[in-house]
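Quick check, what structure comes out for this input:
(chains A, B and C)
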Amino acid sequence: MSLPAPDARDRGGPQQPLLIARDLRKHFAVKGAKGAKGRPKGRKMVQAVDGVSFAVRKGETLGVVGESGCGKSTLARLLLHLIVPDAGVLVFDGDEVAAPRGIAVAALRRQVQMVFQDSYSSLNPRMPVRDSVAFGPYVQGQPKSAARRVAQDMLAQVGLDPGLFGPRYPHELSGGQKQRVNIARALAMGPRMVVLDEPVSALDKSIEAQVLNLLLDLKQRLGLTYLFISHDLSVVRFIADRVLVMYLGRVVEIGPSDMLFARPLHPYTQALLASRPSMDPARRIEEPPIVGDPPNPIDPPPGCRFHTRCPYAEAVCSARDPALTAAEGWDAHAAACHIHDPASGHSLASRLAA
Amino acid sequence: MSAATGSPDLAIAPQALDTQAVPATQVRSYWQSVLYRLRHDPVTLAFAAIVLAIILTAIFAPEVAPFDPYRDSIIGRLKPFGWRNHLLGTDDLGRDMLSRLIYGGRIALLMGIVPVVIASAIGGTLGVVGGFAGGWINTAIMRTMDVFYAFPSVLLAVAIAGAMGGGILNGMLALTLVFIPPICRIAETATSQVRSLDFIEAARASGAGPLTIIRHHVLGNVLAPVFIYASSLVSVSMLLASGLSFLGLGVRPPTPDWGLMLSTLRQAIWVQPAVCAMPGVAIFITSVCFNLVSDGLRAAMDVRL
Amino acid sequence: MDVASPEPLVQVDDLTVDFVTRETTVHAVNGVSFTVAAGEVLCILGESGSGKSVTLRALMRLLPRHARLGGAVRVVGRDVLAMRPRALRDLRGGLVSMVFQEPMTALDPVYTIGQQIGETVRRHTGCNHAAARKRALELLELVRVPSPERRLDAYPHELSGGLRQRAMIAMALSCDPRVLLADEPTTALDATVQIQVLILLRRLQRELGMGMIFVTHDLGVAAEIADRIAVMYAGRVVESGPVADVLRAPAHPYTAGLLASTVHDQPRGKPVVAIPGSPPDMRRLPPGCSFSPRCARRRPECLTGDPAPRFPAPGRMARCIAVETASIVPPQA
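So this is what the prediction gives:
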């Protein structure tokens, strides 16, 4: 974890979390979804994000992992208020977002920016790269010449020669170069926090390493805070200080990176870790750690959403929804599982030490 | 990093400027590449030259036309090609056919281009607004367009022009109304497609309002499809306008107009078939040329980058 | 090279593929040679632009019309490059079949799974509808699709990604192919589904005794599934050998670079060792070794002429002048 740069916009000092999310909820209506045969067509809801709470410390990298349908992309957009949450509260450096006495969304966007996954569609094909990067500062009110200078500077910071790459169009750049431009665009506005939505997933492995190094370097130099979303556990383990695991719109485990990877508490996290291909041909995985596909976020199972695929599922799991076991402090390691709740009634609960 | 024998030891690469793999091609903006492709398309260039010639002829009609298009002559009626310097003969009132065609070109071009331009402005705006706003605004606009779209264009044009009483202005109005729905649809589709792309979200995330986003990000991507489609409408517009005039809903005589000329010369076709077919030939050539130029534009502009 | 072994299932000698258009020529594959024996899994590893997918498709001649092929390709004893269209159609799906990366686009959305599998079966065996449906059911059971009866009548969009991929594998296996080609079949899948499909493929390959060529860009996947590995860069095989040996002691700088830069339990906070630069433009390959611009060990000789294959150990090949023949001591058995 790196120390955040002393920022003039800082309120509350290093102890105050930079971002707090409390009970964020976003459901999407599915149009025309068919009910099962015989049942009338009801209004089906995709519970994309269903009660997510966490905090982000100043200067840290919080990793968010999960598979398709877990809601991590929706979460990213909720944090920037690109999608308005149905319920829940966002607090940025002590100020509630979109509240009368808090921070306005426009002001939030000057301090929190996003890097998107798909480098192809995240740049306007009709704009030279330099103009795409300069657009942010220009919208914020800077005159065109100043915005352009910021863009040149930013391109150099991400390792692209501004003279050579500035006038180019996106289709002339490789995937890695486009992603660098995306990073430059996000940083051009001088944010304090960057939400990265699968920034390296679409890149070749050798380019992925370059971009990860760049992200580390920039974080150090500019004193940034990252929220790093990925489905690739190895990447998250490498770059994140703390990790949050999502499943079907809920947080199932959260904790410091090393602790979570060394001793995963939640059965889903254990399965995810065990699913990583081993790099050693002599130690191949013989049995799949988990069967079946990630379920549909429409109509999630009752009780614990993971119980349909969990090897330790019992009656209590389908009856009651486990809460994230309360844990205080930045180094707390908590899981939403009845096994880790001594009062739950799960047969394994009493055996495990808290 | 392995320490086994024989494997190379890679030093940690410094975060150097990435100077590799930028192709040595010229930096070309989209419009520059369009011009480049056009310059290397001889067929389109040839027909564009013809179109230009037609336009210039129409603009400089007073200088180019050999005779006064209104000067009639009782003895010189329905004369064949070449009679007394009348290159294309004379019409049923003894007026020079060539001069009347040249002056008629003015009206034809006017009726071809102006409605399309106005319809593009109005339809394009409506389409962009609908596509960008989405929701009920989009539904309201597009379903209204669908109502007009349901009518065949000729029928609609005739109905509107007839109801308004004919004349050039009413004809242009009718044609404009006929073309707004399809252009609106093209613009809306293009806008919807662009709107779902990540760079629009990125623009929103940087704090830009919808007008700024439309101006900088949407218009550039929407202009091309609308322009291509609109250019193909010019010839349609000319044909429809001629049709309106033919039916008597366009200009009033003695103003020279190709459709009107065709109508009045209908009976005389048994007397001087070649001369009477001339207005039809003029309509045909002009709309074909516009059509081919529009095709060439599409080939040059509709490129997946 | 074992002289007494039977003829390999797949034999490729100096394959070249060029895509010729009016404006430019892309040299996608520049002299690739390898063999695959029955019951063996060869993994072709490479990044985008390395030519790995083109090589795979060349084995069935599934390339666009403007592709020009050269060299020799023999599959199950038949010369693929010289085949007539009729023989090619018999080959595809019959002796050789392919599993693609994106099942949603590889499956026809307007037919059910059962219909699509049945179509392949009927084309190659000429049986009737009922027999084809029975065979389709057998296949779905083979690939461990839950409730296979119900899934036979499902359309592709009604299935999840993992099930679609299993359906595609079932389709590929429907006519008992001798060779299975897989083009990044697990890249688009979630981690928990990916490992299931990999284990399934490995099991099926062992049980049915097929030869398999698996294209991927992921070293971990290669470690899980391959017996032998061929690393491609800029249209050439730059290293090949048994997967355990290559991953433990890579001979070519590119392989070593890939291993080092793959993020897998490195210490946090310190930069990863990354290969600098970007892959070359396949329309304008630099002279000499294509990797030399990015290689930390390059010498002046690297820029002249294409490096010839060296054999640092039995069964291993590397195209690098820094590699000495028989320099790697094989581990004591």
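
from here on, contacts and neighbour counts on C-alpha atoms
OK.

Scan chain C for its longest helix.
Counting by DSSP state H, the longest helix found in chain C is helix C:191-208.

okay, which residue is most central for the chain?
Unless you meant another one, I'm taking chain A. A:Ile229 (3.3 Å; CA atoms, centre = their mean).

that's the wrong chain, I meant chain C
Closest-to-mean residue, chain C, CA atoms, centre = their mean: C:Val215 / 2.7 Å.

on contacts alone, who are the packing partners of the host helix or strand of it?
Here C:Val215 sits within strand C:211-216, counting by DSSP states H and E. Packing partners of strand C:211-216 (3 or more CA pairs under 8 Å, 6 or more residues apart in numbering or on different chains; DSSP states H and E): strand C:25-36, strand C:41-45, helix C:52-58, strand C:179-183.

closest one to C:Val323 among those?
Closest to C:Val323 of those is strand C:25-36 (CA to CA; 19.0 Å).

What residues sit buried inside the closest one?
Neighbour-count burial for strand C:25-36, counted by 16 or more other CA atoms under 10 Å in any protein chain shown, picks out C:Val26, C:His27, C:Ala28, C:Val29, C:Asn30, C:Gly31, C:Val32, C:Ser33, C:Phe34, C:Thr35, C:Val36.

cool, and stretch C:257-277?
C:257-264, C:266, C:268-269, C:271-277.

Now do it: distance to the chain's middle.
The gap between the average C-alpha position of stretch C:257-277 and the chain average comes to 25 Å, counting by CA atoms, centre = their mean, to the nearest Å.

average model confidence for that stretch?
Taken as a whole, stretch C:257-277 has a mean pLDDT of 82.

Then stretch A:212-221?
Mean predicted lDDT for stretch A:212-221 stands at 92.

Nearest spatial neighbour of A:His340, chain-adjacent residues omitted?
A:Ala349 (5.6 Å; CA to CA, 6 or more residues apart in numbering or on different chains).

give the contact list for the one you found.
Residues in contact with A:Ala349 (CA atoms under 8 Å, 6 or more residues apart in numbering or on different chains) are A:His338, A:Ile339, A:His340, A:Asp341, A:Pro342, A:Ala343.

Now flag whichever of those residues is closest to B:Phe67.
Nearest to B:Phe67 among those, with distances taken as CA to CA, is A:His338, at 99.5 Å.

Next one: the closest one from chain C, what distance?
22 Å (CA to the nearest CA, to the nearest Å).

Isn't that residue up against A:Pro322?
Yes - between A:His338 and A:Pro322 there is a contact under CA atoms under 8 Å: 5.8 Å.

Could you check which of those two is surrounded by more residues?
A:His338 (27 against 21; other CA atoms under 10 Å in any protein chain shown).

Model confidence at that one, what's the number?
A:His338 is given a pLDDT of 88.

how about it, phi and psi?
The phi/psi pair for A:His338 (degrees, to the nearest 10) reads phi -60, psi -30.

Distance check, it against chain B.
Going from A:His338 to chain B by CA to the nearest CA gives 39 Å.

For chain B, what's its nearest residue on the stretch 51-200 of chain C.
Closest to chain B within the stretch 51-200 of chain C is C:Gly51: 17.3 Å, counting by CA to the nearest CA.

Enumerate every residue touching that residue.
If you count contacts by CA under 8 Å, 6+ apart, then C:Gly51 has C:Ala28, C:Val29, C:Met232, C:Tyr233, C:Ala234, C:Gly235, C:Arg236 around it.

follow-up on the earlier one: what comes up buried for the longest helix of chain C?
Across helix C:191-208, burial judged by 16+ other CA under 10 Å covers C:191-202, C:204-205.

any chance of those residues in JSON lines, with pLDDT too?
What follows is the buried residues of helix C:191-208, written out as JSON lines (pLDDT from 0 to 100):
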{"residue": "C:Ala191", "pLDDT": "86"}
{"residue": "C:Thr192", "pLDDT": "87"}
{"residue": "C:Val193", "pLDDT": "88"}
{"residue": "C:Gln194", "pLDDT": "90"}
{"residue": "C:Ile195", "pLDDT": "90"}
{"residue": "C:Gln196", "pLDDT": "90"}
{"residue": "C:Val197", "pLDDT": "91"}
{"residue": "C:Leu198", "pLDDT": "92"}
{"residue": "C:Ile199", "pLDDT": "91"}
{"residue": "C:Leu200", "pLDDT": "91"}
{"residue": "C:Leu201", "pLDDT": "91"}
{"residue": "C:Arg202", "pLDDT": "91"}
{"residue": "C:Leu204", "pLDDT": "91"}
{"residue": "C:Gln205", "pLDDT": "90"}
